[in-house]
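Participant: Below is the sequence, then the predicted model.
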Amino acid sequence: MTIADGSASTADLDPADWAQARAQGHKMLDSMMDFIENVRDRPVWEPMPPEVRAHFRETLPDAGQGLDAVFEEFSTFIQPYSTGNVHPRFMGWVHGGGTVTGMLAEMLAAGLNANLGGRDHAPIAVEQQIVQWLRDRFGLPDAASGLFVTGSSMANQIAVWVARNKALGPDVRENGVTTERGLALRAYTSAAAHCCVAQAMDLAGLGTAALRIIPVDDSHRMDLRALQQAMETDRREGLVPFFVAATAGTVDVGAIDDLDAVATICRAQNAWFHVDGAFGALAAFSESKASLLAGIERADSIAFDFHKWGQVPYDAGFVMVRDGAAHRATFSAPANYLGRASRGLAGGDIWPCDFGPDLSRGFRALKTWFTLKTYGATGLGAVVDHTCRLASHLQGLIESTPQLELLAPVALNIVCFRYICADADRVNAEIVMSLQESGIAAPSTTRVGGKLAIRAAIMNHRTRLEDVDALVQAVIMLGSAEVERRVAPTVEATRILAEAS
Ligand SMILES: *Cc1c(COP(=O)(O)O)cnc(C)c1O
């Protein structure tokens with residue numbers, strides 16, 4: 001059938017042949033299940049060869065190629081060259097491993113294609129149920145709000161925005177940070193905090209210069225005396241201490257600030273108490289580790305990620321705000337087409353678009369809901385305990401291996417160490433690059449006390465003792481090979497010099 005201008009009367013993108021589409025779907029699902037089931041047999045990571053890179057410079061096709069052909073391309077050019085964090089020997093940065101459950105839930109969410117900006121439908125109820133579960137878990141009141149976001153970077157950003165607006169009043173939304181009080185706001189975080197806290201100050205219009213960096217003690221926790229002094233000094237100078245970001249699980253070593261003590265200081269200073277618990281807050285699911293978070297129940301806001309220790313596929317960040325009304329007042333805006341009805345689809349009390357900068361939002365809640373319900377709090381707690389035990393095992397290996405040196409205390413599941421040798425910074429950076437390229441294991445690097453460290457963040461539920469052992473063996477092997485390689489040219493140079501003289 002054609003309409004007046006002669007074009008086809010349908011632009012339906014659904015399959016013409018559903019039986020064939022089902023078969024294609026089963027094939028794709030099987031293939032990805034195989035990929036995950038056999039992840040151990042593959043290298044952790046493979047660099048993209050030039051022809052693979054070149055493939056992504058092809059122009060947009062005019063004619064459709066069909067699902068089979070595109071899936072074939074995915075299997076050849078994309079699947080083998082991903083980050084590798086599904087792999088049990090991926091220990092770089094702070095990446096979760098994902099689960100089959102999360103993957104399947106993500107597929108269901110995509111099928112529903114729900115928009116979680118607002119309106120009255122069950123997906124909103126799912127997100128709100130998770131808000132309730134986390135209120136209970138952290139001991140926050142019923143008035144506390146929660147919102148799925150991309151990650152803790154955005155969650156920390158939202159906390160700064162809400163705290164800023166609470167400190168300055170609603171006028172700031174119209175006038176910006178222009179008042180004397182606005183310019184006097186000061187925030188505090190430790191030297192071990194994630195860089196997104198400074199970025200949040202920047203993007204909130206307060207400036208990174210308004211963020212005081214408080215030193216840390218030997219265990220990488222915020223120095224509380226220094227915090228108190230900095231706040232008092234600022235106040236004496238007419239400035240307004242308004243926000244403190246404590247960290248529960250620092251990126252470099254996994255240290256947890258004394259949350260209860262920071263809460264007390266904030267209370268006395270009338271400042272907002274925020275916890276960046278990006279990965280560490282999930283320790284709340286572990287019976288043996290939850291007490292490390294004591295004081296988190298006093299937080300004005302908490303940022304964390306389900307996509308790290310929670311193993312939910314990317315992305316699934318979360319922010320909670322004790323004063324839900326203040327949270328809503330920061331973002332809600334009247335718009336005719338977003339009007340709320342007393343009945344019908346445009347009803348509903350909670351519209352997530354009132355709690356963050358996003359209007360259209362995907363159904364991140366579903367993969368998280370499936371994960372929390374499938375494994376239970378106990379299952380997630382077991383992952384926390386298991387990865388912390390592996391970190392202790394790694395610490396033990398390092399301490400009993402003369403070629404290796406531990407560079408920071410092991411608080412949770414992150415271990416910083418290095419191969420001992422001359423020019424250790426360069427050699428250890430080489431070791432990490434070679435490890436990644438070899439596909440044996442993928443730790444990352446950081447700096448601890450000015451020294452370059454090999455950093456193993458053990459986040460993946462698939463990681464086992466043997467994986468940790470393999471990492472240590474590979475580091476020793478690559479370390480000695482690198483030292484030899486460096487010595488060899490010198491020996492050669494000495495011989496040439498000797499011959500020349
Ligand atoms: C990972 C992390 C962040 C950033 O979170 P994203 O989810 O990557 O945006 C912030 N703070 C800490 C402590 C982190 O570990």
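Facilitator: Alright, I've got the coordinates. The structure presented is a predicted model; accordingly, all values stated were derived computationally and were not measured.
Participant: Am I right that residue 466 is in a helix?
Facilitator: Yes: remark: residue 466 belongs to a helix, assigned using DSSP: H, G, I helix; E, B strand; the rest coil.
Participant: So what's the residue count around it?
Facilitator: 11 (other C-beta atoms under 10 Å). C-beta here means a position set from N, CA and C on the backbone, and glycine is covered the same way.
Participant: for it, what are its contacts?
Facilitator: Residues counted as contacts of residue 466 (C-beta atoms under 8 Å, 6 or more residues apart in numbering): none.
Participant: Please name the nearest non-neighbouring residue to the residue of the stretch 51-200 of the chain found nearest the ligand.
Facilitator: Nearest to the ligand, among the residues of the stretch 51-200 of the chain, is residue 151, at 2.3 Å (C-beta to the nearest ligand atom). Excluding its sequence neighbours, the residue lying closest to residue 151 (C-beta to C-beta, 6 or more residues apart in numbering) is residue 317, at 3.7 Å.
Participant: what's the answer for residue 251, then?
Facilitator: residue 194 (5.4 Å).
Participant: how near is that neighbour to residue 127?
Facilitator: Separation of residue 194 from residue 127 (C-beta to C-beta, to the nearest Å) stands at 25 Å.
Participant: Kindly report the same for residue 28.
Facilitator: For residue 28, the distance to residue 127 - C-beta to C-beta - is 28 Å.
Participant: more crowded one of the two?
Facilitator: Remark: of residue 28 and residue 127, residue 127 carries more neighbours, 24 against 16, as counted by other C-beta under 10 Å.
Participant: Where does the more buried one sit: helix, strand or coil?
Facilitator: helix.
Participant: my hunch is that residue 484 is in a strand, does that hold up?
Facilitator: No: under three-state DSSP, residue 484 sits outside any strand and is assigned helix.
Participant: residues near it, how many?
Facilitator: Residue 484: 10 neighbours (other C-beta under 10 Å).
Participant: And it, how far from residue 436?
Facilitator: Distance from residue 484 to residue 436, by C-beta to C-beta: 20 Å.
Participant: ok, now residue 173?
Facilitator: Distance from residue 173 to residue 436, by C-beta to C-beta: 46 Å.
Participant: And for residue 22?
Facilitator: 39 Å.
Participant: Just the buried residues of the strand or helix carrying residue 30, please?
Facilitator: Element membership for residue 30, per DSSP states H and E: helix 18-37. Using 16 or more other C-beta atoms under 10 Å as the test for burial, helix 18-37 gives 24, 28, 32.
Participant: which residues are in contact with the helix or strand following that helix?
Facilitator: Heading C-terminal from helix 18-37, the first helix or strand you meet, by DSSP H and E, is helix 50-55. Residues outside helix 50-55 that contact it (C-beta under 8 Å, 6+ apart): 73, 77, 81.
Participant: go on, stretch 276-285?
Facilitator: For stretch 276-285, the surrounding residues in contact (C-beta under 8 Å, 6+ apart) are 94, 137-138, 151-152, 155-156, 189, 193-194, 197, 245-249, 251, 254, 256, 275, 289-290, 292-293, 296, 302-306, 308-310, 377-378, 380-381, 384, 412, 459.
Participant: Just confirm yes or no for that stretch near the ligand.
Facilitator: Yes: counting by C-beta under 6 Å from any ligand atom, the ligand is contacted by stretch 276-285 at 276, 278-279.
Participant: for the record, mean pLDDT for that stretch?
Facilitator: In this model, stretch 276-285 carries a mean pLDDT of 98.
Participant: roughly how far out does it sit from the chain middle?
Facilitator: 11 Å (C-alpha atoms, centre = their mean, to the nearest Å).
Participant: With just CA atoms, put that stretch into PDB.
Facilitator: Provided in PDB are the C-alpha atoms of stretch 276-285 (Å, rounded to 0.1, in the frame of the first residue of the first chain):
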ATOM      1  CA  ASP A 276      31.200   9.700  48.400                       C
ATOM      2  CA  GLY A 277      30.700   5.900  48.800                       C
ATOM      3  CA  ALA A 278      31.100   5.200  45.100                       C
ATOM      4  CA  PHE A 279      32.200   1.600  45.700                       C
ATOM      5  CA  GLY A 280      32.700   1.400  49.500                       C
ATOM      6  CA  ALA A 281      29.100   2.200  50.400                       C
ATOM      7  CA  LEU A 282      28.200  -1.300  49.100                       C
ATOM      8  CA  ALA A 283      30.100  -2.700  52.100                       C
ATOM      9  CA  ALA A 284      26.700  -2.100  53.800                       C
ATOM     10  CA  PHE A 285      25.700  -5.500  52.300                       C
END
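Participant: the strands in the stretch 151-300 of the chain, which residues?
Facilitator: Taking DSSP state E, counting those that start in this stretch as the test, the strands found in the stretch 151-300 of the chain are 185-190, 211-214, 240-247, 272-276.
Participant: let me redo that: the stretch 1-150 of the chain
Facilitator: 90-91, 145-149.
Participant: Flag every buried residue along the helix or strand of the chain with the lowest mean pLDDT.
Facilitator: Scoring the helices and strands of the chain by mean pLDDT, DSSP states H and E places helix 465-500 at the bottom, with a mean of 87. For helix 465-500, the neighbour count (16+ other C-beta under 10 Å) marks 467-468, 471-472, 474-475, 478-479, 482-483 as buried.
Participant: Make CSV from these and add distance to the ligand to it.
Facilitator: Below are these laid out as CSV (distance: C-beta to the nearest ligand atom, whole Å):
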residue, distance to the ligand
467, 21
468, 21
471, 21
472, 24
474, 25
475, 23
478, 27
479, 27
482, 29
483, 32
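Participant: Which two of those residues have the greatest separation?
Facilitator: Using C-beta to C-beta, those span at most 24.8 Å, a distance reached by 467 and 483.
Participant: Get me the contact residues on the chain for the ligand.
Facilitator: Counting by C-beta under 6 Å from any ligand atom, the chain sits next to the ligand at 94, 151-153, 194, 196, 247, 249, 251, 276, 278-279, 305, 317.
Participant: Could you rerun that using 8 Å?
Facilitator: With C-beta under 8 Å from any ligand atom as the criterion, the chain meets the ligand at residues 93-94, 150-156, 193-194, 196-197, 247-251, 276-280, 303, 305, 307-308, 315, 317.
Participant: Please export the C-alpha coordinates of stretch 135-154 as PDB.
Facilitator: Presented in PDB, the C-alpha positions along stretch 135-154 are these (Å, rounded to 0.1, in the frame of the first residue of the first chain):
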ATOM      1  CA  ARG A 135      17.000   4.000  52.900                       C
ATOM      2  CA  ASP A 136      16.600   1.000  55.100                       C
ATOM      3  CA  ARG A 137      20.100  -0.300  54.500                       C
ATOM      4  CA  PHE A 138      21.700   3.000  55.300                       C
ATOM      5  CA  GLY A 139      19.300   4.000  58.100                       C
ATOM      6  CA  LEU A 140      18.000   7.100  56.300                       C
ATOM      7  CA  PRO A 141      14.500   8.500  57.100                       C
ATOM      8  CA  ASP A 142      11.500   8.100  54.900                       C
ATOM      9  CA  ALA A 143      11.800  11.600  53.700                       C
ATOM     10  CA  ALA A 144      15.000  10.800  52.000                       C
ATOM     11  CA  SER A 145      15.000  10.700  48.200                       C
ATOM     12  CA  GLY A 146      17.000   8.600  45.800                       C
ATOM     13  CA  LEU A 147      17.700   8.600  42.100                       C
ATOM     14  CA  PHE A 148      19.500   6.500  39.600                       C
ATOM     15  CA  VAL A 149      22.200   8.400  37.600                       C
ATOM     16  CA  THR A 150      25.000   7.500  35.300                       C
ATOM     17  CA  GLY A 151      27.600   7.100  38.100                       C
ATOM     18  CA  SER A 152      29.000   8.600  41.300                       C
ATOM     19  CA  SER A 153      30.500  11.500  39.300                       C
ATOM     20  CA  MET A 154      26.900  12.700  38.600                       C
END
